[in-house]
Each structure stands twice: as structure tokens, then as C-alpha cells.
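1. model this:
(chains A and B)
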There are 2 protein chains.
Amino acid sequence: MKVLITGGAGFLGARLARELLQRGRLRGQRIERLVLADLAEARDPALREDARVQMQVGDLLGQLPVLAAEPFDAVFHLASAVSAECEADFDLGLRSNLDATRALLDACRVQSSRGGPVPLFVFSSSVAVYGSDPALPLPAVVDDRTLPTPQSSYGIHKFICEQLVADYTRKGYIDGRAARLMTVSVRPGRPNGAASSFLSGIVREPLAGQHAVCPVAPDTAVALASPATTMAGLIAVAEASREAFGGRTALNLPALTVTVQQMLDALREVGGEEARRLVRFEPDAAIARIVGGWPSRFDNARASSLGLTPDRDFYSVVRQYVRDHREAVRNAQALSSC
Amino acid sequence: MKVLITGGAGFLGARLARELLQRGRLRGQRIERLVLADLAEARDPALREDARVQMQVGDLLGQLPVLAAEPFDAVFHLASAVSAECEADFDLGLRSNLDATRALLDACRVQSSRGGPVPLFVFSSSVAVYGSDPALPLPAVVDDRTLPTPQSSYGIHKFICEQLVADYTRKGYIDGRAARLMTVSVRPGRPNGAASSFLSGIVREPLAGQHAVCPVAPDTAVALASPATTMAGLIAVAEASREAFGGRTALNLPALTVTVQQMLDALREVGGEEARRLVRFEPDAAIARIVGGWPSRFDNARASSLGLTPDRDFYSVVRQYVRDHREAVRNAQALSSC
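-> Now for the predicted structure:
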């Protein structure tokens, strides 16, 4: 089978690609070709050296005629302009997130309408669809029936694309499933402009021997998932039967609720007092307001029916990071204990 | 002020136009110009002869450059391909409902971004955003926080446009409000292909001395609003302050819950046994399934905070129809009693 991952050179896309290549199969079929479409080539040697992998570099909208020339059996649509980009450039957000998704869906529709395979279409949505409309505040515990009231263009785009995926599925053009990713922590790499950036930074930087700033109060609760749990979620959503997926409404992937204090306690447990001391609190009202508007508690029942569970605790999340990214860790205690 | 009504020649658009012209003012300002954009010219002499009215005939997307040449102070966006059209022609639905709405919103954004007025933008959404996803059935009573799971392309388009209106409003490009219209009954005119068509037909046809078929069981409950109540809703939404409107989430206009049996009882009360005998039951499983999937009970609290109330009972709805459309009524008892 032929599989497409848009955003395939990004952190999650490349990790998904490695996972699919290791499994070798999806929905019982052998993966013959794996196309990674992104603005840049994947740098990971495991991807560059695999004969099944084909890189397709460029703007997704521009690449679509090439991508659609041959039919796909499965599409993981992860490519997206991120929230800060969408807030800074409204047109770019609409183009990258709405127009590109609709064009990709239409390419799938053309494929299946012409008698080609009805592609599996896994859409990577986001917990960012939730935001706190002061007039209609979110309930204390969010589930898949909670009405999203997005407070960012990025969240609006994700929610709109969920609707399109549901309708193209209802019409039989695709076999679509939308999965809402939680905030992924611990992400490797460097801080970015996202309000959630510190949720990886306050672990990653101290373990690399660097200072980090925490802009919110220690009792701030957040909903997170590790990269491994996120991957397990995307793959379970792809493997599920339609009956098991349960309707066409987007699925919230499982979330671990932790406070920032619990995150720092786990950091100390893995990296010692030396690592913990590298984090200082510097309140930032704007970030605190944004993060405080995100839901922190989820009812994971539907995800659980697919066999998905949240990370056990943040300690295991930190250990996962150290195991996966030893090259980025300088903290001796962490390296010896994981 | 200059006001645009898209779909301004349709039943609701023309009625809204007459109402605005009679009031003469909107949000405290005098209405100097009222532009009615539609595929055809409005036929109503009251509109054709009013010097304030300008007709703009043609496809909305095609007309936009002309419409956007001068700034608007208020837009009522009612134009839409209806559900049967969207199911029959997927591309037409996307173009008429999504592309046209986005282009209209972008024209407003260009206007306000260039220092012109930030237009009031009232988007006519629909109760059709609700549909019963078997895996996530609707609650017994629907309110504005109930998650819509549309089961038609039309419902998907309306729900997507609500999201766009919310985001363009958040960004300050428009002062947007989305109001979900209930099934309007009694509509004048002729039966159309909509599954809800009979909800007007079983009153309108007997009062005109014609036979009508009811495709659902007498105990079927439905949520309706009369044309006058629907107009009052659109105007209250336009007149409300942002604080009174309460956030950017779409507002369900008030709904009267009645059973088909209660509708027929009201028909008998107004038109006598002679009218009632013209309706026969001919069950249609497909229509019964669609109508049964619609929510029939609404919590009207938010609409009520804007001073809006549902129709008192269906008897008053039938009387309203007879008063407004005496030319279409042949039933002597109805004409003499209303």
C-alpha cells in the first residue's frame, strides 16, 4: 500500500514515519511506499536511507498535482501552519490550513470517485479547538461531546477541517477520522513561539544543562501526552474499524493531567536537584491567561475503548524523553537512571 | 447607513427587507440604502418601488466585486444553497455556501482593514447543524452549548461558516453574530424538495383547499418558528450589543416544540374539519428518519435574554399565516376567523 504523511519531515511526522516503517504494515497491508510531503526534506537517516521512502518537498497546495498523480491508500494529514503563524498572518493560516486541507480532501475525492481506493484519511486535529469563551465557559471535565469554542485562528481551522473530514467521510469519498492531539511534551529541539513551548522547555533545557523559565504558577494544571502516546493514538485511530472509532466526531486522544509542580517534581526525580534548580518562575500574565483557558481534565472513555491510555505519570514521560534523546541530555543523573 | 441582504429576494430575505424598510433604522442609524443581492430580482412591489432599495442580481461570488466597491455598515447573509441541492451537487454546495461566505467575509475584512466601517455581520445559520450521530446521540434538550454533529453537507457548511464568522469577529474584521434559524412554518408558496417541506404543506395546502400528505406519525415532535418570530430573532441579534449577545458562539433562535398532531389540531381550529380532512397520513420511512434525527426540544434561555420568545402555540402560527397570506387561503372559516 501507498501511504502519504503531510508534514512528514516534522517532529511528529518523522516519528510517525519511523514507526510505520518499523511496523511495515497498516490495516493488515504491507507498506510499499511512504511519501513524506513537507516544506523541507526529513533529516533523519533512518528515513533517508529507507528504499520505501519518497520525499516530496514544497508547499502542500503546490505539490498536490504531483502527489495526486498516483492513488494513495492512506493519508496522515499532519501539515499545518501553527497558532502563532496564523495569528500573525491571517491569509497564510487560511491557505495553509483550510485551502490545503480542502484541496487534499478533493484530491482524495477525485481518486475514489474515479474508482480508485477510498483512502483512509487520518486528520491530526488539536486540543487547541478548545478555548474558553467567557460567555460559555468550558466544563470542568471535557469529553468528545464538549462544544469547542476555539479562541485562535489555528483552533478554528482545525475544527473546520474536522467538519470537512466528517462530511467527505459521510459521502463515502474517504474513510476519515479526526484525532485531537494533546499538547505534546517533552518535545525535542528548541523553544518556539508557541504559548505551550515552556511545557517542553522546563524539562528539556535543564536536562541539557540550560536555564529555563516557567511563565505560569506551579499549581497550573495542563493536559499532556508524550510523543510515544501521541504516536500510539494516531496509529490506533488509523487501525480502528469505523464501528470501533464510533461515529464521525473527532476523538480526543488520551490526556495526562499534571500540574507544573508535578512536572518539576518529575524533573527533579530524573535529573536531580541540579536540574530542578535551572528552572525559575517568571510570571507572564499573557501566557498564563492563554494556558489557563485550555482544558486540563479530559474524560478519556472513548479513547480508552480503542485501547488507548494516557501516560501513567510525568516521571515516565521524562524518562521516555531521556531514552529517546540521549544526545540532547547533558544531565549525568538523568543519563544514568534512564 | 448601507445594508446588504444576501438572498434578499427569497422568502425570508424579502420579508426582512420589508421589515427593515418599515423600521427605517437599524442600531439607531437611518437606513439610506438597502441592497438585495440574489439570483433573481425581488418581486414584491413594496421592495421594487422603494427608492432606498437596490437589486443586485447574479451569483454572489460573481457579484462580490460590485458589491464590495462601496462600504457596507451591515450585512445580513441569508443566501445559501439548500440541503437537497448540496446533497445532489457537492461542488455546488461548497461553492455556494463556503466559498461565497468566505469571499463575503474577506470583502468585509478588506473594508475594515482599509479604515472603513467594521460591518455588522448577521449570519443566518440553521438548526440543520444538529443531526443525530448514532455514536453520540443528541441530548433530550438542546442548548447553545450542545455539540452539533451535522448529518448533511448543508449543516456542515452552516457550522463551518459559524466558525469563520466567530474568528473574523475575534480578529476585529467584522462584528459578527450567527443565529440558527429553526424550521420556519408556515412558509407560503409551494412544496419544495426539503424533508421539512410538509411542516408547512400540511397547513398551507388545506387552507388553500388542496390535499396534503403527512409523511410522519402524529406524535412526531418538531421545533418550529413562525416567519414573524424568525424575523424578530434576526433583528434582535442585529440590534443586540456584543455583551448582550454573549460571546461568539452561534445562538439558537427560540423554538416552539409541537407534535404533528398539535399542528393538525390547530389547523382544524382555524380552518375547521373541512381543512383537517384534506390531510392524510402516508408514512415515508426516509423522511421519518431524517425528521426524527432533528432535535425537537430547545432550552431557549440565551435567546430569552435577548427578549426573544418562541411562538406561543401553533394556533397563533396558523392565524399569522392566514393574516399574512389571505390571497393564498381559500378556506372560508379561516378567512373569517383570522
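
2. where's A:Asp133 relative to A:Arg145, distance?
-> Distance of A:Asp133 to A:Arg145, computed by C-beta to C-beta, to the nearest Å: 17 Å. Any C-beta I mention is one placed from the backbone N, CA and C, and that applies to glycine too.

3. the two: which has the busier surroundings?
-> A:Asp133 (21 against 17; other C-beta atoms under 10 Å in any protein chain shown).

4. now do the contacts for that one.
-> Going by C-beta atoms under 8 Å, 6 or more residues apart in numbering or on different chains, A:Asp133 touches A:149, A:151, B:247-249.

5. what residues does the stretch 51-200 of chain A have near chain B?
-> A:90, A:94, A:102, A:109, A:133-136, A:144-151, A:153, A:156, A:159-160, A:163-164, A:166-167, A:170-171 (C-beta under 8 Å from any C-beta of the partner chain).

6. show me how to select, in PyMOL, the buried members of the residues you listed.
-> PyMOL command restricting those to the buried ones, with burial defined by 16 or more other C-beta atoms under 10 Å in any protein chain shown:
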select buried, chain A and resi 90+94+102+109+133+136+144+145+146+147+148+149+150+151+153+156+159+160+163+164+166+167+170
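
7. the residues of the stretch 51-200 of chain A next to chain B in helices, which ones?
-> Secondary structure from DSSP state H places A:90, A:102, A:109, A:153, A:156, A:159-160, A:163-164, A:166-167, A:170 of these in helices.

8. so, low pLDDT: which residues of the stretch 1-150 of chain A?
-> Applying pLDDT under 70 to the stretch 1-150 of chain A flags no residue at all.

9. mind listing the helices for it?
-> For the stretch 1-150 of chain A, helices defined by DSSP state H, counting those that start in this stretch occupy the ranges A:11-23, A:45-48, A:60-67, A:83-88, A:90-93, A:100-113.

10. let's have those in a markdown table, adding distance to A:Thr309.
-> Below are these laid out as a markdown table (distance: least, C-beta to C-beta, whole Å):
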| stretch | distance to A:Thr309 |
| --- | --- |
| helix A:11-23 | 17 |
| helix A:45-48 | 27 |
| helix A:60-67 | 33 |
| helix A:83-88 | 27 |
| helix A:90-93 | 33 |
| helix A:100-113 | 29 |
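
11. OK, contacts around A:Asn300?
-> A:Asn300 touches A:252, A:254-255, A:308-310, counting by C-beta under 8 Å, 6+ apart.

12. same thing but at 10 Å, please
-> Residues in contact with A:Asn300, defined by C-beta atoms under 10 Å, 6 or more residues apart in numbering or on different chains, are A:143-144, A:223, A:252-257, A:308-310.

13. with A:Ser196 instead?
-> Counted by C-beta under 10 Å, 6+ apart, A:Ser196 has contacts A:83, A:127-128, A:183-185, A:187, A:222, A:224, A:287, A:290-291, A:294.

14. now do the SS call for it.
-> Per DSSP: H, G, I helix; E, B strand; the rest coil, the secondary structure class of A:Ser196 is coil.

15. how close does it get to A:Val82?
-> A:Ser196 is 10 Å from A:Val82, by C-beta to C-beta.

16. any common contacting residues for these two?
-> Joint contacts of A:Ser196 and A:Val82 (C-beta under 10 Å, 6+ apart) are A:Ala128.

17. tell me how far stretch A:115-128 lies from the chain's centre.
-> 14 Å (C-alpha atoms, centre = their mean, to the nearest Å).

18. er, stretch A:195-210 actually
-> For stretch A:195-210 - counting by C-alpha atoms, centre = their mean - the centre lies 18 Å from the chain centre.

19. OK, now which residue of the stretch 51-200 of chain A is nearest to chain B?
-> A:Ala135 (3.0 Å; C-beta to the nearest C-beta).

20. the nearest residue to that residue once chain neighbours are set aside: how many residues sit nearby?
-> Take A:Ala135 and drop its neighbours on the chain: the residue closest to it by C-beta to C-beta, 6 or more residues apart in numbering or on different chains is B:Gly247, 3.0 Å away. By the criterion of other C-beta under 10 Å, B:Gly247 has 18 neighbours.

21. wait, doesn't B:Gly247 sit right on A:Leu147?
-> No - counting by C-beta atoms under 10 Å, B:Gly247 stays clear of A:Leu147, with 11.3 Å between them.

22. what touches both of the two?
-> Joint contacts of B:Gly247 and A:Leu147 (C-beta under 10 Å, 6+ apart) are A:133, A:136, B:144.

23. the residues you listed into CSV, with extra columns for distance to A:Leu12?
-> As requested, the shared contacts of B:Gly247 and A:Leu147 are exported to CSV (distance: C-beta to C-beta, whole Å):
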residue, distance to A:Leu12
A:Asp133, 28
A:Leu136, 31
B:Asp144, 34
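
24. closest to A:Arg242 out of those residues?
-> The closest of the shared contacts of B:Gly247 and A:Leu147 to A:Arg242 turns out to be B:Asp144 (C-beta to C-beta; 30.0 Å).

25. report the contact partners of that closest one.
-> A:135-136, A:147, B:180, B:246-247, B:249-252, B:298-303.

26. and for A:Leu278?
-> With C-beta under 10 Å, 6+ apart, A:Leu278 has these contacts: A:202, A:205-212, A:267, A:271, A:331.

27. what about the residues you listed, which are in strands?
-> Judged by DSSP state E, the subset of the contacts of A:Leu278 located in strands is A:Ala212.

28. now the two most distant members of the contacts of A:Asp133.
-> A:Gln151 and B:Thr249 (11.3 Å).

29. could you pull out the residues contacting both of those two?
-> With C-beta under 10 Å, 6+ apart as the test, A:Gln151 and B:Thr249 both reach A:133, B:166.

30. surely the residue of the stretch 51-200 of chain A closest to chain B is in contact with B:Arg248?
-> Yes - if you go by C-beta under 10 Å, A:Ala135 and B:Arg248 touch, sitting 8.0 Å apart.

31. need the overlap of contacts for these two.
-> A:149, B:242.

32. count the residues that sit near the residue lying closest to A:Val186 once chain neighbours are set aside.
-> Among residues not flanking A:Val186 along the chain, A:Tyr321 sits closest, at 4.0 Å (C-beta to C-beta, 6+ apart). The number of residues packed near A:Tyr321 is 26, by other C-beta under 10 Å.

33. cool, and A:Val237?
-> 24.

34. contacts for the helix or strand hosting A:Thr257?
-> For A:Thr257, the host element (DSSP states H and E) is strand A:256-259. Here strand A:256-259 makes contact (C-beta under 10 Å, 6+ apart) with A:141, A:182, A:185, A:199, A:216-226, A:229, A:262, A:265-266, A:295-298, A:300, A:309-317.

35. pLDDT of it, averaged?
-> For strand A:256-259, mean pLDDT rounds to 98.

36. that one pairs with which strands, and in what direction?
-> Strand A:256-259 sits in its sheet next to strand A:221-225 (antiparallel), going by DSSP bridges.

37. of all the contacts of A:Asp133, which comes closest to A:Leu36?
-> Closest to A:Leu36, out of all of those and judged by C-beta to C-beta, is A:Gln151, at 31.9 Å.

38. leaving out the residues flanking it, which one is nearest to the closest one?
-> A:Gly131 (2.9 Å).

39. how about the one you found, what does it touch?
-> A:138, A:148-152, A:155-156, A:290, A:293-295, B:170.

40. please parse chain A into its domains.
-> Per automatic domain parsing, the domain ranges recorded for chain A read A:2-181+A:226-252, A:198-224+A:255-337.
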